[in-house]
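Enquirer: Return a 3D structure for these sequence lines:
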Amino acid sequence: MFSYGSEKVEMHNYLMAGKELAYKLNNRGPIKFNDDGSLDKNIIDSYEKNGFYIFKNVFSKVELNDCKNDYLNILKKLPISSTSRIDSKGRAAITVDCKANILYWSKPLADPFGGTELANGRHPVKMIEPRPNLNSPKEIIYLTQGFLQFSDTFMIAYAHPLLLKVAENINGIDFVPFTEGYFIKEPELGASVAWHQDGTTHWNNSNWDQHIHGFNFMAQLYKSTPGNGVWVVPGTHKLGKIDIKKRVYEAGTERLPDAVPIVCDPGDVAITNRQVLHCSFANTSLERRVTINYGFHKRSSVLNVLGGGLHGKPKVYDKKHVIKRSRLIQYAISARSQKYPNETPYIYKPLSNEKNKYIWNEKARKDIKDYSLMDMSI
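Expert: As a prediction, this is how the structure comes out:
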């Protein structure tokens, strides 16, 4: 923790105390369903109480290794800088012809959003920005979006039948997708993400409840630790829109005292309510975190709703838009069935009668080009 300078000891103590609190929440274990297909009540109760839950050992070692190798291969195909159109081998970078904003760049250990008006000002407080090594790169990629179009392996993981069944239990059988990408926290480089709540649209909705802004799955390719992982203030997903500046001011620090880290092993998947107050600190540790991040909404939360414009241009999501964006789920189910033919696939009810229209092949790959322009941000 050399980079935290005079706050090194305080930061170390905070990380260790948070880890101890995290393990006391009793919100981790395997995915379990009842005989009728409903999610285990203890899981539901814990998720609704805390705003997040950690599913243990969701991905097999084989699939996890596939995901890691695929990610490392993708890194080689990304542009060498935010202004470059080529990768490290001089080839055209895979994102070069995308209209959507695919890659997010930052200075090492910086906080690119905190205290700015970016993302509609939803990160109102600046995080501490540790000093990087002198030999650190000038900029790093810390977030990607729309990555189902670049990775069959990501697409296959996206359709894990147990996780889609969880999504059905939380958001209903007609759940819809939100956005997909990697969160990247390279050792001694990874940028911070300032305290925020993801939801933007429904805070004053007369039908507001704790599930109205959806959730994210966070599948871990490497360990998620107090030093490189996401931190959550349990229970805040039930409090409505929070005055984050006030919270930080009263605490006297961005190290909020009631926060806990999401501690995971490789292959674990955390489900996190998008309304919960959360952040991540700059990764000064020696451990890499790469999270496959993807979210889902209740259909009622997006259908005929004016989107917030964070991940795409503001627009009303009509039925045609919702169905077209949801085709990614059915494509993913097809891709996974081809990879794992002996696995019972998830049945996505809204498109099950048309599944033969969504076979994963070269034509489908072309069909989803720039699909993230249709991300439904609420």
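
Enquirer: show me where the stretch 151-300 of the chain has strands.
Expert: Defined through DSSP state E, counting those that start in this stretch, the strands belonging to the stretch 151-300 of the chain, from first to last, are 176-185, 193-196, 215-220, 230-232, 260-261, 269-273, 278-280, 289-297.

Enquirer: And the longest one, what does it pack against?
Expert: In other words, strand 176-185. Helices and strands touching strand 176-185, by 3 or more Cβ pairs under 8 Å, 6 or more residues apart in numbering; DSSP states H and E, are strand 140-144, strand 289-297, helix 319-339. Heads up, the C-betas are built off the backbone N, CA and C, glycines and all.

Enquirer: And the residue nearest the centre of this protein?
Expert: What sits nearest the mean C-alpha location of the chain, by Cα atoms, centre = their mean, is Asn293, with 3.0 Å.

Enquirer: quick one, what contacts that residue?
Expert: Counting by Cβ atoms under 8 Å, 6 or more residues apart in numbering, Asn293 touches Glu180, Gly181, Tyr182, Phe183, Asn216, Phe217, Met218, Ala219.

Enquirer: pretty sure the fifth one is touching His297, no?
Expert: What that stands for is Asn216. No - taking Cβ atoms under 8 Å as the contact criterion, Asn216 and His297 are not neighbours in contact, 10.6 Å apart.

Enquirer: Look at these two and report which has more neighbours.
Expert: Just comparing Asn216 and His297: by other Cβ atoms under 10 Å the higher neighbour count belongs to His297, 27 against 23.

Enquirer: Now do the closest residue in space to the more buried one that isn't next to it in sequence against Phe147, distance only.
Expert: The shortest distance from His297 to any residue other than its chain neighbours is 3.9 Å, reached at Gly214 (Cβ to Cβ, 6 or more residues apart in numbering). Distance of Gly214 to Phe147, given as Cβ to Cβ, to the nearest Å: 19 Å.

Enquirer: From one end of stretch 91-99 to the other, what's the distance?
Expert: With Cα to Cα, to the nearest Å applied, stretch 91-99 spans 19 Å between its terminal residues.

Enquirer: Just the buried residues of it, please?
Expert: Along stretch 91-99, the positions that meet the burial threshold by neighbour count (16 or more other Cβ atoms under 10 Å) are Ala93, Ile94, Thr95, Cys98.

Enquirer: Among those, which one sits closest to Lys366?
Expert: Within those, proximity to Lys366 (Cβ to Cβ) peaks at Cys98, which comes in at 13.4 Å.
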